[in-house]
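>>> No letters, just coordinates:
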């Protein structure tokens, strides 16, 4: 599971050949969630409101890059790192 970004203890990853819809994985301590790339909503799992807010803020800034990484993952190509939230 390639890590594409890490900030404030939040780890963002994508899997190769993962199931649709396009999404990314979030881990923070014991919390885990899948976030839809198109509407930036939680598909599965749960994050505290504070962590979810930070993840959505970051994803909104990098939505195009995330979608590009999704396509790279589908094509079994190396993923690009994405700048963390500052």
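Looks like it arrived, so ask away. The model shown is predicted, which means the values in this text are computed figures rather than measured ones.

>>> Would you state the strands of the protein in chain order?
For the chain, the strands defined by DSSP state E occupy 3-7, 10-13, 23-28, 31-36, 42-46.

>>> Quick one: mean pLDDT over the third one.
Strand 23-28 comes out with an average pLDDT of 98.

>>> List the contacts of it.
1, 4, 9-15, 32-37, 43, 45, 47, 51, 55, 59, 66, 69-70 (CB atoms under 8 Å, 6 or more residues apart in numbering). Glycine gets a C-beta too; all of them are placed from N, C-alpha and C.

>>> picking that back up, out of the strands of the chain, flag the one nearest residue 82.
The minimum distance between residue 82 and the strands of the chain falls on strand 3-7, with 4.5 Å, by CB to CB.

>>> where does that closest one sit relative to the chain's centre, distance-wise?
On the basis of CA atoms, centre = their mean, to the nearest Å, strand 3-7 sits 8 Å off its chain's mean C-alpha point.

>>> how about residue 52, what does it touch?
Contacts for residue 52 (CB under 8 Å, 6+ apart) come out as 33, 42.

>>> hey, what's the spatially most central residue of the chain bridged with?
For the chain, the residue sitting closest to the mean C-alpha position, by CA atoms, centre = their mean, is residue 24 at 3.4 Å. Applying DSSP bridges to residue 24 gives these bridge partners: residue 35.

>>> Distance-wise, check it relative to residue 32.
Taking CB to CB, to the nearest Å as the measure, residue 24 falls 12 Å from residue 32.

>>> Check residue 4 too.
Computed as CB to CB, the residue 4 to residue 32 distance reads 16 Å.

>>> Tell me which of these two has more neighbours.
residue 4 (21 against 14; other CB atoms under 10 Å).
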